[in-house]
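Q: With the input below, show me the fold.
(3 chains)
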Amino acid sequence: MKFLTALVSPRGAVFLLLVILLVAVMVLNPNFAEPGQLMRYIQRVAPVAIVAIGQYFVIIAGEFDLSQGSLITAQVIVAGNLVAQDDARTVPVLCLMVVLGLVVGLVNGLLTTLLKVPSFIVTLGMMLALLGLVLWWTGGAATGNPADSFRQIGRGGIRDIPVLDFLPWSVLVLAAWLALGIWVTKRPLGKLLIAIGDNARATRYSGARDWWVTTRAFMISSLSATVSAVLLVGYAGVHPSVGRGYEFVAITAVVLGGVVLGGGRGWIVAAVAGAFVLEALFLLLNIAGVPSSLRDAVQGVIIIAAVAYSGLVFRSRRRGGAPQTPPSPGKEPDAPDGAEESSATQALAGEGAAPNNRS
Amino acid sequence: MKRIRVDSTVIVLGILILVIAVGAILVATVGRSFFSPGNIRDILTGMSVLGLVAIGQTLVILGASLDLSVTYVISLASLIAATTMNGNPANIPWAVTLTLIVCAAIGLANGLIVTVLKVNGFIATLGVGLILQGVLNTGFQGSAGSVPWAFQLIGATGVGPLPVSWIIMIALAAVVWFLLGRTRTGAHLFAVGGDPEVARLSGVRTKPPLIVAHVLCSVFAGLAGLLLASRLGVGSPTVGQQGGYALLSIAAVVLGGTLLMGGRGSVWGTIGGVAIFAVVDNVMSVMQVNPFLKDVVRGVVIVAAVAVYSRRAIVRRRTRFGPGGTRTGGDAPAEAAAPAMVAATQALEAEADAADGSASMQGGAR
Amino acid sequence: MRRSMKIATTAVALVGLFALAGCTTDPNVAPPDSSAEPSDDGGANEWFDQALFDTQMAQREVVPEGPEDEPYLQYIDAEMIDTSEYASTGPKKACFANASISNPWRQTGWITMNQQLEVLQEQGVISEMETRDAQDSDDTQIADIDYFISEGGCDVFLISPNSTAAMTPAVERACDTGKPVIVFDRGVETDCPVTFIHPIGGFAWGIDTAQFLIDNLEEGDKVVGLRILPGVDVLEQRWAAAEYMFEEAGIEAVDYFTGADPAEIKSIISDELAKGDVAGIWMDAGDGAVAAIEAFEDAGVDYPVMTGEDEMSFLRKWKETGLTGLAPVYSNFQWRTPLLAAQKIFAGEEIPKEWVLPQVPIEAGELDEWLEANDGMPDGHYAKFGGENLPGYPEVWQKRQIP
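A: I've put the predicted structure just below:
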């Protein structure tokens, strides 16, 4: 019973949605229930889920990272151009990509915290500048796909396993990255990020160096984009449109997972589940034969519905507690229900002033 | 409060003048004049469409929300207008009305999803944008409709070097400035955007201003779509996406000094931000900068310009009681009387001591 | 009590939203009836034009006139016009309003065009070419053309329109200046320009590719069509023709929009393979062809019969896998012709009013020869770029320096 309650709660709603979608897919296309197909599905989700993990850390700190998509494209092109067909270059180029990712995250973080430019603007500017620079360097198109050894990470896996049949490397990378992410959330860094997202000033007064904490969140985000790029080079190949729009997909996935834009609350596994939900939705639309022109509309409706539902249920479950006003773009314009039962109302009720703004 | 608001707008104007100066010099190096009528017209035309969208976006951002659906509203508006007009000047009034009604309805949907369903503005408008994209893909295949010559004139003519479309945009900016500064809805919008809980406790109804903001934002996007239809002569399902209006309008608004967290900002600052973009684009085109590098420059300009005044500590409340005294100088009489007060206090204490001295022999408590 | 009211309201609102998603909001526009399911039954395609289809079908068979080894100067079924009114000596200034260089095809053409410009500059025909890039925006390109008219001091206008209907008023304004206007690649809805340069056309592409697939497949086989974007006429016409022919031949054709994203392409193909057999792949442009082929490899099934484009990535993968393939072309060498046409106009020579360039697909037999000629070129290069006799060959294209 508790498990069922948990499923319907905002924390669990995304998992419920995921189960519903996957069941629908399997009903419409029994082929999909084969373990091989399931593994391929996870292989396809892996890059999106990894990016969502990165975006999760940035969002719980109350910021945005709009540059992830461009960073993926840039990294993919860098990999294509620098590795070329030379197997020996795989490892050095990987290291270079990691360094590049860390530098981009560092710049994003420093501009946001030290120059106090809103992260929306910093990462928007980085998105434009990064993509422009890379395209200018390569003349708009990559040289070509890099050597196979580099691409194996995203494309290959362990074959002929009993039961699972095929275990892509992407799945292992995703599992490892998720484990790493969960570990970070349990560490002081993770707790501090949530604290900053909730109330930045209090965190600063309690002695945390909030600029370094937030900057690390951006670095995690950029690193995630880099890992995702490595997988995409293998899965999709090198092309200037790889990775485009991933930041919006990541933000949508994270929000579907119940993380609040503006920060202060959210579970990382739910964010990853949000990514799975999105891909399952695309898969379902593909298999159900929904005309490609309508798919965007259906996606939009589901996103709004899912977020509205989890927000609604969350607020109706709150027992008292102070009203929450996260100081970042996109806070809800009206007070949560719980506040009405709390001290503010009682204080006013004493003077006979009835709150006149019920939803 | 007024002083701080003027500050950020003044800073934007300063940046604009700096950009114009640098641009004029750069343009002169390739042998053109920055201030020639053709160039001015190019810049002002470039300002018109983005300016209309950005005015609407300012309203929404003041309310601490966002509107990412403007791109698709623009495309849809251009299509509805062009197909309804169908080449016949007599259809123009009805076409314009219908377009704006549809856009207002979309804005209403946005506003309701944000306020009633309490979905964050980013997600709500992202979702609505996707729905509109689906509608556009399903309902239209390529450009459609035909705009009669009478309506095309709006996008094509000008008063000297000033395009009619630009004049209309400035006029509408003035209307919005009036709305924000002088009407109750405007004041409530600032309140709701600044701190919705405080607004609610102060008796401000928090839903209507934000809904009005979203409706107006979509209506302005509709106006931008109408302007584009006038310039293109047809409606196009991709004209919104071609311009990247959603993110650029948000960038222009923030560049203009409006806070993304809402509650503070100015329409004129936004117009300044739009002007900066237009000047930078114009200069880069005249100098035939590589298109890929143009994006790099845009990105750097956006971040750098916002950084100029973001570094100032954002004062959420002005000091009321402190070394500066109150803003209105209400305590000036009190200050003037201070020495007299001190003297009176000392006199009282002296009296009390004297009384004490005589009373202490009676052992009375104080 | 209040909570369940709220949930009820939400539910009603959501149902409303779902309903909204299912229908168009605009009562004034009649939606076309072709998008009921991904596999169009054809025939109801708005873009299909029988007259143009027949013309282009015939033009494919015509032997072009003009110099044998210079396909960019050849023309098919030309009606020549007299340009003596524009004849004049001295170097001229060209003004080029470019739609964009946002895809590898356009980038390759742009590099070629600049090398051609160098030749003409040396010959003293063109003094300079000022370019304004509209970055795929109609509104910007209109402003660009207006800027050229008022500030450019142009002797000739070269325009590659971003879209057909929207650019028409601006092109007419350019014509009104009295200077020659040359339009190429996509067209406009006016014939005021001196000449309109383009290869045979989208329907011819569709015919070539569909015919190839029909010849190599059997009735009832499934073909997956991968399309980049909706609404672009050069691309829509390709699919319109192919769809028409597939339906006539009994081939089951399904089409998807991919945005040229290789990850998307791979997902689509994988899903299709999961649903059943896929015998053929049809693409309306070469971007992402490699990803499509790799999807078959990953699924462990036989390669499909495939049509891509003359982009090097596809040609190389085609050779490597040995699949049955065809590379249609949208003659990249057309980027040389506008400047050469300007040269002819100022010399007072006759040129075709509608300059139809040859459009010959690369077949399996010629594959090796084209691969060898373009060895060392990047994957985003196009085999039929026509610039082998231009200065800077091959380094400029290999290094892919965008001017």
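
Q: how about the residues of the stretch 1-150 of chain A near chain B?
A: With the criterion set to Cβ under 8 Å from any Cβ of the partner chain, the stretch 1-150 of chain A comes near chain B through A:66, A:111, A:115-118, A:120-122, A:124-133, A:135-136, A:140. Every C-beta, even on glycine, is put in place using the N, C-alpha and C of the backbone.

Q: are any of those buried, and which?
A: Buried members of the residues of the stretch 1-150 of chain A next to chain B, scored by 16 or more other Cβ atoms under 10 Å in any protein chain shown, are A:66, A:111, A:116-118, A:120-122, A:124-133, A:135-136, A:140.

Q: returning to that earlier point: give me the subset of the residues of the stretch 1-150 of chain A next to chain B touching chain C.
A: With Cβ under 8 Å from any Cβ as the criterion, the residues of the stretch 1-150 of chain A next to chain B include A:Trp136, A:Gly140 near chain C.

Q: Mind checking which of the residues of the stretch 1-150 of chain A next to chain B land in helices?
A: Using DSSP state H, the members of the residues of the stretch 1-150 of chain A next to chain B that fall in helices are A:111, A:120-122, A:124-133, A:135-136.

Q: Between which two of those is the distance greatest?
A: A:Phe120 and A:Trp136 (24.7 Å; Cβ to Cβ).

Q: Give me the phi and psi for the spatially most central residue of chain A.
A: Nearest to the mean C-alpha position of chain A, by Cα atoms, centre = their mean, lies A:Ala52 at 1.7 Å. A:Ala52 adopts backbone torsions of phi -60, psi -40, taken as degrees, to the nearest 10.

Q: residues in contact with C:Gly288?
A: Contacts for C:Gly288 (Cβ atoms under 8 Å, 6 or more residues apart in numbering or on different chains) come out as A:Gly237, A:His239, C:Leu226, C:Thr258, C:Ala260, C:Asp261, C:Pro262, C:Ile265.

Q: Straight-line length of stretch C:73-93, end to end?
A: Criterion Cα to Cα, to the nearest Å; first-to-last residue distance in stretch C:73-93 is 22 Å.

Q: Name the residue of the stretch 301-403 of chain C that lies nearest to chain A.
A: C:Gly380 (2.8 Å; Cβ to the nearest Cβ).

Q: and that residue, that one's in a helix?
A: No. C:Gly380: not assigned to a helix; according to DSSP: H, G, I helix; E, B strand; the rest coil it is coil.

Q: quick one on the thing from earlier: reformat the contacts of C:Gly288 as JSON lines; add secondary structure, pLDDT and distance to B:Val301.
A: Below are these laid out as JSON lines (DSSP: H, G, I helix; E, B strand; the rest coil; pLDDT from 0 to 100; distance: Cβ to Cβ, whole Å):
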{"residue": "A:Gly237", "secondary structure": "coil", "pLDDT": "85", "distance to B:Val301": "34"}
{"residue": "A:His239", "secondary structure": "coil", "pLDDT": "85", "distance to B:Val301": "28"}
{"residue": "C:Leu226", "secondary structure": "strand", "pLDDT": "93", "distance to B:Val301": "38"}
{"residue": "C:Thr258", "secondary structure": "coil", "pLDDT": "87", "distance to B:Val301": "33"}
{"residue": "C:Ala260", "secondary structure": "coil", "pLDDT": "83", "distance to B:Val301": "29"}
{"residue": "C:Asp261", "secondary structure": "coil", "pLDDT": "86", "distance to B:Val301": "29"}
{"residue": "C:Pro262", "secondary structure": "helix", "pLDDT": "89", "distance to B:Val301": "32"}
{"residue": "C:Ile265", "secondary structure": "helix", "pLDDT": "91", "distance to B:Val301": "35"}
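
Q: The residues you listed, buried ones only, as a ChimeraX selection?
A: Selection of buried members from these for ChimeraX, criterion 16+ other Cβ under 10 Å:
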select /A:237,239 /C:226,258,260,261,262,265
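
Q: just curious, which of the contacts of C:Gly288 is nearest to B:Ala347?
A: For those, the nearest to B:Ala347 is C:Asp261 (86.2 Å; Cβ to Cβ).

Q: how much space is there between the closest one and A:Ala79?
A: Distance of C:Asp261 to A:Ala79, given as Cβ to Cβ, to the nearest Å: 17 Å.

Q: Check for me that B:Gly51 belongs to a helix.
A: Yes. Under three-state DSSP, B:Gly51 sits within a helix.

Q: interface residues of the stretch 151-300 of chain B facing chain C?
A: So the stretch 151-300 of chain B meets chain C at B:152, B:156, B:228, B:231-234, B:236-239, B:242-243, B:285, B:288, B:290-292, B:294 (Cβ under 8 Å from any Cβ).

Q: Show the contacting residues for A:Leu256.
A: A:Val14, A:Leu17, A:Ala273, A:Gly274, A:Val277, A:Leu278, A:Ile303, A:Ala306, A:Val307.

Q: With neighbour count, secondary structure and pLDDT added, can I get these in JSON lines?
A: Putting the contacts of A:Leu256 into JSON lines (neighbours: other Cβ atoms under 10 Å in any protein chain shown; DSSP: H, G, I helix; E, B strand; the rest coil; pLDDT from 0 to 100) gives the following:
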{"residue": "A:Val14", "neighbour count": "28", "secondary structure": "helix", "pLDDT": "84"}
{"residue": "A:Leu17", "neighbour count": "23", "secondary structure": "helix", "pLDDT": "86"}
{"residue": "A:Ala273", "neighbour count": "26", "secondary structure": "helix", "pLDDT": "92"}
{"residue": "A:Gly274", "neighbour count": "30", "secondary structure": "helix", "pLDDT": "91"}
{"residue": "A:Val277", "neighbour count": "29", "secondary structure": "helix", "pLDDT": "91"}
{"residue": "A:Leu278", "neighbour count": "24", "secondary structure": "helix", "pLDDT": "90"}
{"residue": "A:Ile303", "neighbour count": "26", "secondary structure": "helix", "pLDDT": "86"}
{"residue": "A:Ala306", "neighbour count": "25", "secondary structure": "helix", "pLDDT": "83"}
{"residue": "A:Val307", "neighbour count": "28", "secondary structure": "helix", "pLDDT": "84"}
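
Q: what's the helix or strand for the residue in the stretch 251-359 of chain A that chain B sits nearest to?
A: Nearest residue of the stretch 251-359 of chain A to chain B: A:Ala297, at 2.6 Å (Cβ to the nearest Cβ). A:Ala297 is part of helix A:292-317 when elements are defined by DSSP states H and E.

Q: That helix close to chain C?
A: Yes. Using Cβ under 8 Å from any Cβ, helix A:292-317 reaches chain C at A:292-294, A:297-298, A:300-301, A:304-305, A:308-309, A:312, A:316.
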